[in-house]
Structures are given as structure tokens and as C-alpha cells.
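Peer 1: No sequence on hand, only this structure:
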């Protein structure tokens, strides 16, 4: 399954959207499945995210009209289409307000805080290099499987840097669960 992680304002919170269906309309607002989108106003050629192939092993293609204000990994889209790779950053711009909506494409959903397994041997956190002990609140990277501290005492080795210390996966922390970091 593929996901779009959308930054909520200038905070460290993210909205995670599971990309079900075949076509999504992207804008500086929230993404919307094409079957729910109604053309209103100035968006005559929307930026689209299109699934190509079998849902379990699909490619996702970003399609933007020549007037679209879209960047992928910081670079303007030179072509009208681009096959997205895991962890690609997408910036969607609004020329009228000069504002940008930041999101990431990924095949990994949001991560949550959970106790480090008691039966596992302690392992070193890739950020702080200190051991993670059984029962301590921790986050496991969905991409490489490394564990990170995520404790209420401020040792937040996943949420403070905003990525995995091993593979730099940027899976957002799921703030909808009852974890000590939720605001």
C-alpha cells in the first residue's frame, strides 16, 4: 500500500493518507480521490497522482500541467510526469498566495510508540547510540527495522530529528494514538 504524508502547517504533525483507488487530485489543500473531486474555479488541469499496475506492486506517477507549481525533491518538475520513488518529497505551490504544501510519498505508513520488546536483547539507538531496554517507549522504523527511543523525558530519537538514524526514513509519528508524545 502507498501513502502520502502531508505536513500540517509548520508543526511536526503529519496527516497520513492511504492511497486507495487509482487517481488522486493534489493541491495545497488536502488530497482527494478523483471520484470525489469537483472542478471549481481556476484549477482546470489539476496535479494528479495516478496508480499504474497491480495495487500490491504498483507504480505511482505524478502528472502536472505546464502551469502547475510542483517540485519533487526540491527540483521543479521538468517534465509533465514523474514516477515516484519511496520517500520522494512533493511540494505543491499556490502562485497566488506564494504558499507551499509539503508532503512525502511512501510505501510505509505512520509509526507509533510502543514498548521495546522485553524478550529482545537491548540494542543501541541509531541516533543517540544508547541502549534501548525492554519496556522502554520506542519507535521501530518501517523501512529498516531499527528501533529508536521515544520517551517522555525528552529522549525522542525519532520525532526530534524527524527521521530514522539508519536509513533516514521519514515516516511520521502517529499522533492519533495514546502515546506520550501526542499533543
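Peer 2: Received it, and whenever you're ready, just let me know what you need. These figures come from a predicted structure and were not determined experimentally.

Peer 1: tell me the domain ranges of this structure?
Peer 2: 3-106, 110-183 (automatic domain parsing).

Peer 1: And the helix or strand bottoming out on mean pLDDT in the chain, what does it pack against?
Peer 2: Least confident helix or strand, the chain: strand 32-33 with a mean of 78, by mean pLDDT, DSSP states H and E. Under the contact definition 3 or more CB pairs under 8 Å, 6 or more residues apart in numbering; DSSP states H and E, strand 32-33 sits against strand 23-26. C-beta: built from backbone N, CA, C; applies to glycine.

Peer 1: and the strand it packs on, how far from the chain's centre?
Peer 2: 16 Å (CA atoms, centre = their mean, to the nearest Å).

Peer 1: Could you do stretch 99-109 as well?
Peer 2: 4 Å.

Peer 1: per-residue confidence averaged over that stretch?
Peer 2: Averaged across stretch 99-109, the pLDDT comes to 82.

Peer 1: Mind listing residues that contact that stretch?
Peer 2: Residues from elsewhere that reach stretch 99-109 (CB atoms under 8 Å, 6 or more residues apart in numbering): 1-7, 16, 18, 26-29, 31, 49, 60, 84-94, 142-143, 169-171, 174.

Peer 1: now do stretch 121-140
Peer 2: Contacts to stretch 121-140, defined as CB under 8 Å, 6+ apart, come from residues 111-120, 146-152, 155, 157-159, 161, 164-166, 173, 179-180.

Peer 1: repeat that for 7 Å
Peer 2: Outside stretch 121-140, the residues that touch it by CB atoms under 7 Å, 6 or more residues apart in numbering are 111, 113-118, 120, 146-151, 155, 157-158, 161, 164-166, 173, 180.

Peer 1: now, which of the residues you listed lie within strands?
Peer 2: 114-115, 147-149 (DSSP state E).
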